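1. curious how this folds, go ahead:
(one chain, ligands or ions: 1)
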Amino acid sequence: MWSSAIKDAVEKIRRNMDAFGTRFPHVSKDGAYLLNDNDDWTNGFWSGLLWLCYEYTSDEAFRLGAVRTVEDFRRRFADKKVLDHHDIGFLYSLSSKAQWIVEKDESARQLTLQAADLLLKRWRPSGGYIQAWGPEGDEKEGGRIIIDCLMNLPLLFWAGQQTGNSQYRDIAIMQAEKTRRYLVRGDDSSYHTFFFDPHTGEPIGGATHQGYTNGSTWTRGQAWGVYGFALAYHYTGDRVYLETSKRMAKYFLKHLPEDHVALWDFNAPVTADTYRDSSASAIVAAGLLELIGHLEDGDPDRARFEQGLQDSMTSLVRNYSTIGQEAEGLLQHGSYHVRGGLSPDDFMIWGDYFYLEALIRMETGNKGYWYER
Ligand code: GLY
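-> The predicted model follows:
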């Protein structure tokens, strides 16, 4: 089943590459991807999909398409186009860092290091965290951290390895630690975001941006935690991050509905119309693959995680993918921002990305672009 799902996905991406030209898919409306000019937080996922397809097929057309996106990311960096946020990690890990990992292109490595330097500028020493959104000194956003940022930390860890400069790693660890202490709750659920006093670093409280309520668990946030802490463990070897990833994964799997694919928030009232977020399940599947790879033989949770992975991916392929259909996207029923009234129940490029990353990792063992292989 995995290989036919991959082949179907690769052919869709090939068609999209021709149809989209130099533009980038973001989320869909009425079944068609909305395209943009590389000015959103999601653009790296398209680049990452093209690198995955290139590595899977060895087809030069995918390589050329992927390299073209990296050139676009170089222009974006030079123009500082919409880079005043923490998602520089998502953007440059899956574009220029992927190019470096796949073909050891030195200019791609340099661009990725510059991107890491830009991300470091969001470190706020007085608060002791990476500011997610908004400019420095922003009245509201100046004190906010968000759980999604865990997936931006691999860029810093990687830059530390490449340069030998410990500052990248030190800041990544401080951010992971802040996230673990303030965003992960005692019952292994999570806040989406948390506010601090930006001047003193005093904790204020948890809040949501895309979840159901401030105290609820937004499923995609929980998913970023599962994968992000597994990656923090990969880079640090600190078992506290492995345990945190495991705790969050158990919570996620335990609270899934019958078809094993997450609703958009674990605390949203459940009716027949409650939206799913298939992207949260795709992220967790990719994260479980990373997590399972770190478990010792005989780990008592291994069987539960392996079963969770099989159940989630089987349901995604059978019930949510567009396999065998004429469609632009790979995965249906993602929810971007239900609370904000944006694009519920549509294709989302990060859902497609993590779905294909997980499928390819299951089929070939290719670990993607979050770290050096
Ligand atoms: N990182 C933004 C989102 O997950 O919607």
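
2. can you list the residues of the stretch 151-300 of the chain near the ligand?
-> Counting by C-beta under 6 Å from any ligand atom, the stretch 151-300 of the chain comes close to the ligand at Gln210, Arg220. For every residue, glycine as well, the C-beta is placed using N, CA and C.

3. now the stretch 151-300 of the chain against the ligand: closest residue?
-> Arg220 (4.9 Å; C-beta to the nearest ligand atom).

4. which element is that residue on?
-> Assessed by DSSP states H and E, Arg220 sits inside helix 219-236.

5. ok, back up a step: the residue of the stretch 151-300 of the chain closest to the ligand contacts Ile283, correct?
-> Yes - between Arg220 and Ile283 there is a contact at 6.8 Å, judged by C-beta atoms under 8 Å.

6. just list the residues touching the residue of the stretch 151-300 of the chain closest to the ligand, thanks.
-> By C-beta atoms under 8 Å, 6 or more residues apart in numbering, the contact set of Arg220 is Asp148, Gln210, Trp264, Asp277, Ser279, Ala280, Ile283.

7. list the buried residues for the helix or strand just after the helix holding Arg220?
-> Moving toward the C-terminus from helix 219-236, the next helix or strand (DSSP H and E) is helix 239-254. For helix 239-254, burial by neighbour count (16 or more other C-beta atoms under 10 Å) applies to Tyr241, Leu242, Thr244, Ser245, Lys246, Arg247, Met248, Ala249, Lys250, Tyr251, Phe252, Leu253.

8. swap in stretch 46-56?
-> Neighbour-count burial for stretch 46-56, counted by 16+ other C-beta under 10 Å, picks out Trp46, Ser47, Gly48, Leu49, Leu50, Trp51, Leu52, Cys53, Tyr54, Glu55, Tyr56.

9. the spatially most central residue of the chain: what's it in contact with?
-> Centroid-nearest residue in the chain, with C-alpha atoms, centre = their mean: Met151, separated by 5.6 Å. By C-beta under 8 Å, 6+ apart, the residues touching Met151 are Gly89, Phe90, Trp224, Tyr227, Gly228, Leu231.

10. could you tell me whether it really is in a helix?
-> Yes - according to DSSP: H, G, I helix; E, B strand; the rest coil, Met151 belongs to a helix.

11. relative to Phe229, how far out is the nearest residue to Tyr251 once chain neighbours are set aside?
-> Of all residues not flanking Tyr251 in the chain, Asp188 sits nearest, at 4.1 Å (C-beta to C-beta, 6 or more residues apart in numbering). Counting by C-beta to C-beta, to the nearest Å, the gap from Asp188 to Phe229 is 11 Å.

12. between those two, which is the more surrounded one?
-> Per other C-beta atoms under 10 Å, whichever of Asp188 and Phe229 has more neighbours is Phe229, with 31 against 18.

13. these two touch, right, that one and Arg239?
-> No - using C-beta under 8 Å as the test, Phe229 is too far from Arg239 to be in contact (11.0 Å).

14. can you classify the residue nearest to Tyr251 as helix, strand or coil?
-> Relying on three-state DSSP, one would call Asp188 coil.

15. the buried residues of stretch 46-56 in helices, which ones?
-> Using DSSP state H, the subset of those located in helices is Trp46, Ser47, Gly48, Leu49, Leu50, Trp51, Leu52, Cys53, Tyr54, Glu55, Tyr56.

16. pLDDT for the buried residues of helix 239-254 - can I get that in CSV?
-> Formatted as CSV, those follow (pLDDT from 0 to 100):
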residue, pLDDT
Tyr241, 98
Leu242, 98
Thr244, 98
Ser245, 99
Lys246, 98
Arg247, 98
Met248, 99
Ala249, 98
Lys250, 98
Tyr251, 98
Phe252, 99
Leu253, 98
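
17. got CSV for the ones in helices among the buried residues of stretch 46-56, with pLDDT and distance to Met348 too?
-> Listed next are these as CSV, based on pLDDT from 0 to 100; distance: C-beta to C-beta, whole Å:
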residue, pLDDT, distance to Met348
Trp46, 98, 12
Ser47, 98, 16
Gly48, 98, 14
Leu49, 98, 12
Leu50, 98, 17
Trp51, 98, 19
Leu52, 98, 17
Cys53, 98, 18
Tyr54, 98, 22
Glu55, 98, 23
Tyr56, 98, 21
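
18. give me the residue from the stretch 51-200 of the chain nearest the ligand.
-> The ligand sits closest to Asp148 of the stretch 51-200 of the chain, with a gap of 3.8 Å, by C-beta to the nearest ligand atom.

19. which one is that residue nearest to, not counting chain neighbours?
-> Using C-beta to C-beta, 6+ apart, the nearest residue to Asp148 is Trp224, at 4.8 Å.
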